[in-house]
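1. Quick one: sequence and predicted model below, then my questions.
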Amino acid sequence: MQLPDHKRLMIFSGAANRPLAEEVATNLGMRLGDVELSKFASSEKYVRFSESVRGSDALVIQSHCDPVDEHVMEQLLMIDALKRASAKRITAVVPFYPYSRQDRKARGREPIAAKMIADFYEAAGADRVLSVDLHSGQIQGFFKVPFDSLTALPVLAGHFADALKEEFVIVSPDAGGVRWADKWAQYLGEFHNLSGEVAFLHKRRAHDNRNVSETLSVVGNVKGRTCVIVDDMIDTAGTLVDGVQTLKEAGAGEVYGAATHPVLSGPAIDRIKNSPIREVVVTNTLPIPSEKELDNLVILSIAPTIAHTIKAVFEEESVSELFHGENQP
């Protein structure tokens, strides 16, 4: 009897964003594995893998878009099934980490939902987790298993390299995002030889409403300059369009928006459509249905970034070197 001396990588996709998973697999020169995903009449999820996964390095790619809870449960069931089918190592690829905004107790009697999600992944059997541009870096500390933090910064910032030839300002939508805006400015300076400044918007958020905030003023010099508002996600787009209006009132020139995760809930598309924003650039960590596509909404692919990271992990190489250290939140 001779034991196998090679590793075998298998990639599976949940139902939320299969085109992204297919693109990741194509970048790796692979195909997606076969898995049956269905529902019982009671709406309970059913999962069964159609091929042997014994001894494999198995990855489950799932985007957590609406309905979020359903897609989380589907990925957890897939991980549990892989564990019970004797996969050697199971990696959860989570392009957009669910419940990431609930990463702490901001008020009394609130849950820390992001930590609970981490517990779910570990209980299901995930041996490793990959995610892109976490809302908060502390989420990595919620896990006992290895956590690889990817970033879309090179993809997004690279898109703006040609548009930002004049004086420009990278704008954070709030004081908490200044470090992210500063990373943008540093990246454009180091890799594209562009010199820009950083500003931020003074914002006040309503505690009794989850998606309501008010932009009060601009901190920084934006008069006559091209501005790019950078954030990790665009949900209802209220923060983005309020920021655009505030920048315009402060004398800014053209205003762009950039975010990794296009949640685009509720009134987001109408708000963007009716705002003076020049262009909004996002990635495909979340699916964008055709009815939400706009002429000034640019969608860049995160698939090559995820594929390169998967390859590095599988070959036991450094992930940080892929991003020149920019992936540390």
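-> Received it, and whenever you're ready, just let me know what you need.
2. contacts and neighbour counts: CA atoms only from here.
-> Fine.
3. and Asp295, how many residues sit next to it?
-> Around Asp295 there are 8 other residues, counting by other CA atoms under 10 Å.
4. part of a strand, is it?
-> No. Going by DSSP: H, G, I helix; E, B strand; the rest coil, the assignment for Asp295 is coil, not a strand.
5. Which pLDDT value does the model give it?
-> If you check Asp295, the pLDDT there is 94.
6. And for Ser13?
-> So Ser13 comes in at 98 (pLDDT).
7. Can you name the residues that contact it?
-> Taking CA atoms under 8 Å, 6 or more residues apart in numbering, we find Ser13 in contact with Ala21, Leu32, Gly33, Val60, Ile61, Gln62.
8. and of those, the nearest to Arg84?
-> For the contacts of Ser13, the residue nearest Arg84 by CA to CA is Val60; the value is 14.6 Å.
9. quick revisit: hmm, which two among the contacts of Ser13 are most spread apart?
-> Among the contacts of Ser13, Gly33 and Gln62 lie farthest apart (CA to CA), at 13.7 Å.
10. Work out the gap between stretch 172-180 and the centre of the chain.
-> Relative to the chain's own centre, stretch 172-180 is displaced by 17 Å; criterion: CA atoms, centre = their mean, to the nearest Å.
11. which of the residues in it are buried?
-> Buried residues in stretch 172-180, counted by 16 or more other CA atoms under 10 Å: Ser172, Pro173, Asp174, Gly177, Val178, Trp180.
12. looking only at pLDDT, what's the mean for that stretch?
-> The average of the pLDDT scores along stretch 172-180 is 92.
13. And the contacts of that stretch?
-> For stretch 172-180, the external contacting residues (CA under 8 Å, 6+ apart) are 171, 181, 198-203, 229-231, 239-240, 243, 329.
14. just the buried members of those?
-> Burial of these was assessed by neighbour count (16+ other CA under 10 Å); the buried members are 171, 181, 198-203, 229-231, 239-240, 243, 329.
15. Torsion angles phi and psi at the residue lying closest to Lys45 once chain neighbours are set aside?
-> Distances taken as CA to CA, 6 or more residues apart in numbering place Lys39 nearest to Lys45, at 4.6 Å, with adjacent residues excluded. According to degrees, to the nearest 10, the main-chain angles of Lys39 amount to phi -130, psi 150.
16. Lys39 touches Met73, doesn't it?
-> No. Using CA atoms under 8 Å, Lys39 is not in contact with Met73, being 11.9 Å away.
17. who has more neighbours, those two?
-> The residue with more neighbours, out of Lys39 and Met73, is Met73; 15 against 10, by other CA under 10 Å.
18. what number of residues lie near the residue lying closest to Ser52 once chain neighbours are set aside?
-> Leaving aside its sequence neighbours, Ser52 sits nearest to Ala85 (CA to CA, 6+ apart; 7.7 Å). Using other CA under 10 Å, the number of residues around Ala85 comes to 15.
19. quick one: contacts for Ala85?
-> By CA under 8 Å, 6+ apart, the neighbours of Ala85 are Ser52, Val53, Arg54.
20. For Arg31, give its distance to Glu22.
-> Relative to Glu22, Arg31 is positioned 7 Å away (CA to CA, to the nearest Å).
21. cool, Leu201 as well?
-> Separation of Leu201 from Glu22 (CA to CA): 38 Å.
22. Repeat that for Ala92.
-> Noted for Ala92: a distance of 16 Å to Glu22, by CA to CA.
23. All the strands of this protein, in order from the start?
-> In the chain, the strands defined using DSSP state E lie at 9-13, 35-39, 45-49, 57-61, 89-94, 128-132, 147-150, 168-172, 196-205, 213-219, 226-234, 255-262, 279-283, 297-300.
24. Please identify the most buried of the ones you listed.
-> The highest mean neighbour count among the strands of the chain, using mean count of other CA atoms under 10 Å, belongs to strand 168-172: a mean of 27.
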